[in-house]
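Prediction below, plus the sequence it came from.
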Amino acid sequence: MMLPISLLAVLQYFLVLVESQPQQLVLESVIDLSTSSLPNPPTFRISPSADPLFISVALCDTTDNTTRFFLTNDTTISNPGPSDVDSVNTLELVVPDTGSNEWSNWFTNGGILSVLKGDASVEFELLVSAHNSSTVGSPFVGDTTANQAILFSPPFSPVPTEEPTFPNYTLPAANLTFPPPPSPPTNYSLVIAPTSSNGLASLPRTVCALKSAVSKEGTILLSPTSGSSQGLWLRDSDGWRWQWLVNGLNPHTNYTLFALRDGVLASSQPFYFVTKSATFSCPLVHSLPFCPTVSYAVPIAPPRGIATTHTAATLPGDVTDMVLSVLTNFTTTLSTLACGRDYYSPLVTCADCQQAYRRWLCAVAFPRCGDSSGSFVDAQGAQLPLPALQSVAKGAPPRNPVLPPFGSDYQTLLPCLETCNAADRACPNFLNFKCPLPRFTAADSYAVGYIDSGEEGVLGGGSTGAAQDEFGHVWCNLG
């Protein structure tokens, strides 16, 4: 049975009408596209919104940089192009060498994004979001051994802190209990590759480009569900982080690291780290509730059994007991002050004092092993300050007398003097907590002049300004 010609004409009209409608961009949903299979016309519709929207574009490879993207919130323009650009309601979303760009504006009546295909086919992603999704925080490298690294995602979901009040001014216990983690947590992944391979350096800094590199030799993708994941960890007041223990790395090798966040098209800036020499023998220590910022190599015998790193479950009991005992006694003494009523400073409180003292105690209770084989030059080849390393002979008593003598020669990275000074500044005078002076004996047991200048009472002005940087240089142990 044949349909009447009039009905066929109506059906054809509606089919053409449907085909000509721009594809809808769904809020908070990443869409994967290719210039080889764009709709006709190559336009995408943005729904009306009472709030500003962020429109993101990301390239997934470097095969083409001539594809152009145009965006408008002027509903009278159905297919924006170069002639419509006024830099107010219509603009070209230029994609720089980093591979991604974003524009925020009001789309009260909706908008249109159009794609002008370039000379070659290119894969790309689009995202419409109610949030700024163009920046991702920096990952963090705890430390490395010859073939391992303890790595962290950028922080998220800072835990709100409420200052205790008098007369119920209760300080945290020595062995911290973390609050429940956020649910659901922000999902981060890390991509790692040897820096010398140039596999990542030539790619756009976008999630889709970096994930496509994972199939290449030497490139590793770490997700919250990967086998190396150690779950969520609350290092400090910056917030929660995903934590990974990576095995199988090559000794004395430079690595490049990127952080990727779900729902964001751009990656983080590159972060660099270097593994230690093949003879490095100190194991990593991490995941200690009483010392949450400790995530580095310590001169202590490796754990027994199959574990290759120490956590709170494998540390010798006398080491844990010493730290908990010292911190408990300090907290008891501090609490003899009427905290929350008798203010000893307009800037800091008893809670600040305990937090700073905890960090200092952990830095000296767990000496950090270092390695002098790394290169301390900047991108232009200029010499950087050398790390504050101190050689320790096999069997020599360690800084923490509770730790047994280590079974081989090693180098220790001295604590930053600023870690001690921070506790001194935060705590009341009656505790008699004092740090050695730079002009006398401080350099015997602390790294002096890195973060602060070393002049008494002067903050800042040090040779590096930090304990470590994003290029893999570590100068002192911040704790």
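Looks like it came in fine. Small disclaimer: the values here were computed from a predicted structure and weren't measured.

Number of residues surrounding Trp360?
23 (other C-beta atoms under 10 Å). Every residue, glycine included, has its C-beta placed from N, CA and C.

so it sits in a helix?
Yes - Trp360 sits within a helix when classified using DSSP: H, G, I helix; E, B strand; the rest coil.

ok, it - contacts?
Counting by C-beta atoms under 8 Å, 6 or more residues apart in numbering, Trp360 touches Pro415, Thr419, Cys420, Ala422, Ala423, Gly479.

roughly how far apart are it and Pro415?
According to C-beta to C-beta, to the nearest Å, Trp360 stands 8 Å off from Pro415.

How much space separates the closest residue to Pro164 other than its chain neighbours from Arg358?
Nearest residue to Pro164 in three dimensions, chain neighbours excluded: Thr170, at 5.5 Å (C-beta to C-beta, 6 or more residues apart in numbering). Distance, Thr170 to Arg358, by C-beta to C-beta: 16 Å.

Looking at the two, which is more packed in?
Legend: neighbour count by other C-beta under 10 Å for Thr170 and Arg358, higher for Arg358 (24 against 12).

how many other residues sit next to the residue nearest to the more buried one when sequence neighbours are not counted?
Excluding the flanking residues, the one nearest Arg358 by C-beta to C-beta, 6+ apart is Leu327, at 6.2 Å. Residues lying near Leu327 (other C-beta under 10 Å) number 23.

Packing partners of the helix or strand containing Leu327?
Using DSSP states H and E, Leu327 sits in helix 317-334. Contact here means 3 or more C-beta pairs under 8 Å, 6 or more residues apart in numbering; DSSP states H and E; on that basis helix 317-334 packs against helix 350-365.

can you count the residues close to the nearest residue to Ala149 once chain neighbours are set aside?
Nearest non-adjacent residue to Ala149, counting by C-beta to C-beta, 6+ apart: Val246, 4.7 Å away. Burial measure for Val246: 20 neighbouring residues, criterion other C-beta under 10 Å.

which residues does Thr165 contact?
Thr165 touches Gly340, counting by C-beta under 8 Å, 6+ apart.

Repeat that for Asp371.
Lys276, Ser277, Phe280, Gln411.

helix or strand for the third one, which one?
In this assignment (DSSP H and E), Phe280 forms part of neither any helix nor any strand.

Repeat that for the second one.
Assigned by DSSP H and E, Ser277 belongs to no helix or strand.

Identify the residue nearest it in space, chain neighbours excluded?
Ser373 (4.5 Å).

for Thr144, same thing?
Going by C-beta to C-beta, 6+ apart, Thr144 has Thr275 as its nearest residue, at 4.7 Å.

Tell me how far the one you found lies from Phe258.
18 Å.

how close does Leu126 sit to Ala120?
On the measure of C-beta to C-beta, Leu126 and Ala120 end up 19 Å apart.

So those two - more neighbours on which side?
Leu126 (21 against 13).

So the more buried one lies in a strand, does it not?
Yes - counting by three-state DSSP, Leu126 is part of a strand.

contacting residues around it?
Leu25, Val30, Ile31, Leu33, Phe44, Ile55, Ser56, Val57, Leu113.

Mark which of those are buried, thanks.
Leu25, Val30, Leu33, Phe44, Ile55, Ser56, Val57, Leu113 (16 or more other C-beta atoms under 10 Å).

Okay, and the beta partners of the last one?
Here Leu113 shows beta-bridge partners Phe44, Leu71, assigned using DSSP bridges.

so where is the protein shaky, pLDDT-wise?
1-20, 63-64, 133-134, 198-199, 457 (pLDDT under 70).

try it again with 80
Applying pLDDT under 80 to the chain flags residues 1-21, 62-65, 132-135, 197-199, 201, 215-217, 373-375, 378-381, 453-459.

As a check, name the ranges of all helices in it.
Secondary structure of the chain (DSSP state H): helices at 5-20, 207-212, 317-334, 350-365, 417-426, 442-445.

Let me have those helices in CSV, extended by distance to Pro251.
Shown next, in CSV, are the helices of the chain (distance: least, C-beta to C-beta, whole Å):
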stretch, distance to Pro251
helix 5-20, 59
helix 207-212, 25
helix 317-334, 28
helix 350-365, 26
helix 417-426, 29
helix 442-445, 30
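
Compare these and give me the one nearest Pro302.
helix 317-334 (14.0 Å; C-beta to C-beta).

follow-up on the earlier one: distance to Leu403 added to the contacts of Leu126, as CSV?
Shown next, in CSV, are these (distance: C-beta to C-beta, whole Å):
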residue, distance to Leu403
Leu25, 58
Val30, 49
Ile31, 55
Leu33, 57
Phe44, 61
Ile55, 55
Ser56, 50
Val57, 54
Leu113, 60
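
Which of these sits closest to Pro224?
For the contacts of Leu126, the nearest to Pro224 is Val30 (17.9 Å; C-beta to C-beta).

Now Ala467: phi and psi?
Main-chain torsions, Ala467, degrees, to the nearest 10: phi -80, psi -30.

Contact partners for the nearest residue to it once chain neighbours are set aside?
Across the structure, with C-beta to C-beta, 6+ apart as the measure, the residue nearest Ala467 apart from its sequence neighbours is Leu478 (3.9 Å). When the contact criterion is C-beta under 8 Å, 6+ apart, the partners of Leu478 are Thr293, Arg359, Ala363, Pro415, Cys416, Glu418, Thr419, Ala467, Gln468.

what's the burial count for the fifth one?
Right, Cys416. Cys416 has 28 nearby residues by other C-beta under 10 Å.

And for the fourth one?
Counted with other C-beta under 10 Å, the burial measure for Pro415 works out to 26 neighbours.

quick one: contacts for it?
Trp360, Ala363, Val364, Arg368, Ser445, Tyr446, Ala447, Cys476, Asn477, Leu478, Gly479.

distance of the second one from Pro182?
In this case it means Ala363. 28 Å.

Which of those two has more residues huddled nearby?
Between Ala363 and Pro182, Ala363 has the larger neighbour count (other C-beta under 10 Å), namely 27 against 13.
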